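Engineer: what's the 3D shape of this:
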Amino acid sequence: MSDDLIVRIFAILDRRVGKRKLRLIQKQIEKEPGPFREFFAIRAKAEGLKPEEDFDKKGVDFDE
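Structural biologist: This next block holds a predicted model:
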């Protein structure tokens, strides 16, 4: 992967990046800068991928 944020954002929006690669990126999304995560969320929604934050919405409390 490139170190240039703009290049990485364009790459994540490229349709040649498949769902398998998107799922791999999703597992490491916490390490990515905010703008990259925002564009990733747009692409993930377009592909129908469920965000990992869904666990919080289902009432699972990770603080316990």
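Engineer: which other helices and strands contact the strand or helix carrying Pro35?
Structural biologist: When elements are assigned from DSSP states H and E, Pro35 belongs to helix 34-47. Packing partners of helix 34-47 (3 or more CB pairs under 8 Å, 6 or more residues apart in numbering; DSSP states H and E): helix 5-13, helix 19-27. C-beta: built from backbone N, CA, C; applies to glycine.
Engineer: Out of those helices, which is the most enclosed?
Structural biologist: Comparing those by mean neighbour count (mean count of other CB atoms under 10 Å), helix 5-13 ranks first with a mean of 15.
Engineer: picking up where we left off before, please write out the alpha-carbon positions of the helix holding Pro35 in PDB.
Structural biologist: Listed next in PDB are the C-alpha coordinates belonging to helix 34-47 (Å, rounded to 0.1, in the frame of the first residue of the first chain):
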ATOM      1  CA  GLY A  34     -10.100   9.500   9.800                       C
ATOM      2  CA  PRO A  35     -10.500  10.600   6.100                       C
ATOM      3  CA  PHE A  36      -9.500   7.100   4.900                       C
ATOM      4  CA  ARG A  37     -12.100   5.500   7.300                       C
ATOM      5  CA  GLU A  38     -14.800   7.900   6.000                       C
ATOM      6  CA  PHE A  39     -14.200   6.900   2.300                       C
ATOM      7  CA  PHE A  40     -13.900   3.200   3.300                       C
ATOM      8  CA  ALA A  41     -17.300   3.500   5.000                       C
ATOM      9  CA  ILE A  42     -18.800   4.900   1.700                       C
ATOM     10  CA  ARG A  43     -17.300   2.000  -0.300                       C
ATOM     11  CA  ALA A  44     -18.300  -0.600   2.300                       C
ATOM     12  CA  LYS A  45     -21.900   0.600   2.300                       C
ATOM     13  CA  ALA A  46     -22.000   0.500  -1.500                       C
ATOM     14  CA  GLU A  47     -20.700  -3.100  -1.400                       C
END
